[in-house]
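S.K.: Curious how this folds, go ahead:
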Amino acid sequence: MGGDSGPRLCVSAVVKFARSNPSVRFTLVGDRNLLGIDVSALSQQIKILPADESVHMSERPANALRHKRESSMALAVRMVATGEADACVSGGNTGALMAFGLHLLGTMSGIERPAICKALPSKTGLCQVLDLGANLECTAEHLRQFACMGAALARLNGTERPRVALLNIGAEDVKGRELEQEAASLLAAQRGVNFIGFVEGGDIYRGVADVVVCDGFTGNVLLKASEGAAELLQLTLKKAFQSSVAARIAGWLSRPVLHAWADRYNPARLNGATFLGLNGVVVKSHGGASEEGFIAALNVAHEQATHQIITAIATAVAV
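M.R.: Below you'll find the model as predicted:
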């Protein structure tokens, strides 16, 4: 029921994903009358769990937790808690989704706070960045736990010995606040984590590290600034190729290269942020995601459930 486009986009994405993945079973939680698409042809794969209420995008998490315990979001997370589902995906209110996750799933042993983690594109592939907004203030111990979780996720995605770094105002050892300095000491002594030191924001896109850790305030600012920069780049590039007849011709000749570039760095393909540290797989889709983007979020949930990310994190934290 969440997201800027409401249930129609989510349902159409689920239908396409189901057709491409016949072994996956879906439960759509929400108002049956607002689905917008007939799913009866896929009745063996898709069932509907009715929910009369939903969480509004602007609703305070505490209010949702107190008064919306039978909402579509709460019921979906509860299915993971009871084992009826292996993962939950929502495009709704981020704070409320985290609140329900903490209340119904709890955190894993050895994890004090969950973190929002998302893959960002880099020169060499992908970089897992966390925390992106779940915890505005963190301790060094929290950052150590985030690093262990991020490294486990990177290994699950195929990086055998992920390079883990702390986001800082400079790469020199003497830079940063007491938080970063203390966290660096903890990570330098952490078994099972290939800690490479400090990196700056731009290093994420240069492919210097496979996992970058920071507090949620810093991470959220980084993410929103990156999204804004990507949007500006697309807009100015489009305007440049429309500025004159010669520019239009150059744009037409450049289409194969531009399409390949756009496909490689299309934000929709990297949609889907994970709430690492919860005792279950919960994935947050961007509220403004397209159908392609929501499918990407479904794929993140499917991969993490299939490869048992919870077990992988538990092993990493116990080292």
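S.K.: centre of the chain versus the longest helix anywhere in the chain, how much separation?
M.R.: What stands out as the longest helix in the chain, according to DSSP state H, is helix 216-240. In terms of C-alpha atoms, centre = their mean, to the nearest Å, the centre of helix 216-240 is set 17 Å apart from its chain centre.
S.K.: That helix: what's the following helix or strand?
M.R.: helix 245-253 (DSSP states H and E).
S.K.: What mean pLDDT does that following helix get?
M.R.: For helix 245-253, mean pLDDT is 85.
S.K.: Give the closest residue to residue 242 in space, chain neighbours not counted.
M.R.: residue 248 (6.5 Å; C-beta to C-beta, 6 or more residues apart in numbering). All C-beta spots, glycine's among them, are computed from the backbone N, C-alpha and C.
S.K.: Only the C-alpha atoms, please, for stretch 257-270, written as PDB.
M.R.: Taking C-alpha atoms only, stretch 257-270 is exported to PDB below (Å, rounded to 0.1, in the frame of the first residue of the first chain):
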ATOM      1  CA  VAL A 257      26.800   4.700 -25.900                       C
ATOM      2  CA  LEU A 258      24.400   6.800 -23.800                       C
ATOM      3  CA  HIS A 259      21.900   3.900 -23.500                       C
ATOM      4  CA  ALA A 260      24.700   1.600 -22.300                       C
ATOM      5  CA  TRP A 261      25.900   4.200 -19.800                       C
ATOM      6  CA  ALA A 262      22.400   4.900 -18.600                       C
ATOM      7  CA  ASP A 263      21.700   1.200 -18.100                       C
ATOM      8  CA  ARG A 264      24.900   0.700 -16.200                       C
ATOM      9  CA  TYR A 265      24.200   3.500 -13.700                       C
ATOM     10  CA  ASN A 266      20.400   3.400 -13.700                       C
ATOM     11  CA  PRO A 267      19.300   4.100 -10.100                       C
ATOM     12  CA  ALA A 268      16.300   1.800 -10.500                       C
ATOM     13  CA  ARG A 269      18.500  -1.200 -10.900                       C
ATOM     14  CA  LEU A 270      20.000  -0.600  -7.400                       C
END
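S.K.: Just give me the neighbour total for the nearest residue to residue 68 once chain neighbours are set aside.
M.R.: Ranked by C-beta to C-beta, 6+ apart and with sequence neighbours excluded, the top spatial neighbour of residue 68 is residue 55, at 5.3 Å. By other C-beta atoms under 10 Å, 27 other residues sit near residue 55.
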